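1. 3D, please:
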Amino acid sequence: MNIRSAAIILIFEGKALLQLRDDSPNISYPNTWGFAGGGHMDEGETFLLAAQRELKEETGYVSKNPIEFMTTEYTLPNGTHVKAVRFYEHYDGMQKLNCYEGQKITFASPEEIDTMNMYPGVGEAAKLAIEKATKNTIKNINF
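-> Numbers count the residues shown, from 1 in each chain. This is a model prediction of the structure:
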């Protein structure tokens, strides 16, 4: 089985927004932390449009300035092959964030991410997004 997925990771004050997935035997990797704004692409969608749709569906947040920072391919332990594109975006602090899917959402630091039960690949991508977003912010401040 092959899957194409996309996600936007919201970054705020050196932390990444994550979602605790439902604790249901009907989903893969229940009760693990994943992206609050990521998932499978619909037919005909681009990676960017899929990521923006997923973020809005799962949190209500309307993405305005996502930055692509990684493309990866991997195989899950169940044999599913995944091609994934990841974006990050600085949280604007204005739009309300809701938890429309999963058990809850939270902003987590790299240190917190290391202690959380993560969906495969999410922790590494979230920490890389924080790193890239932080460097991008510093670069933009230091003309």
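
2. Contacts only, for the residue positioned nearest the centre of the chain.
-> With distances taken as Cα atoms, centre = their mean, the residue of the chain nearest its centroid is Phe35 (3.3 Å). Phe35 sits next to Ala7, Ile8, Ile9, Leu18, Gln19, Glu54, Tyr119, Val122, Ala125, Ala126 when contact means Cβ atoms under 8 Å, 6 or more residues apart in numbering. Just so you know, the C-beta spots here come from the backbone N, C-alpha and C atoms, and that holds for glycine as well.

3. isn't there a helix covering the last one?
-> What it means is Ala126. Yes - membership of Ala126 in a helix is supported by DSSP: H, G, I helix; E, B strand; the rest coil.

4. Make 814 the first number, not 1, from now on.
-> Let's use 814 as the start, then, which means that last one is Ala939.

5. For Thr884, list the residues it contacts.
-> Per Cβ under 8 Å, 6+ apart, neighbours of Thr884: Lys896, Ala897, Val898, Arg899.

6. residues in contact with Phe860?
-> Counting by Cβ under 8 Å, 6+ apart, Phe860 makes contact with Arg817, Ala819, Met854, Glu881, Val898.

7. ok, now with 7 Å
-> Ala819, Met854, Val898 (Cβ atoms under 7 Å, 6 or more residues apart in numbering).
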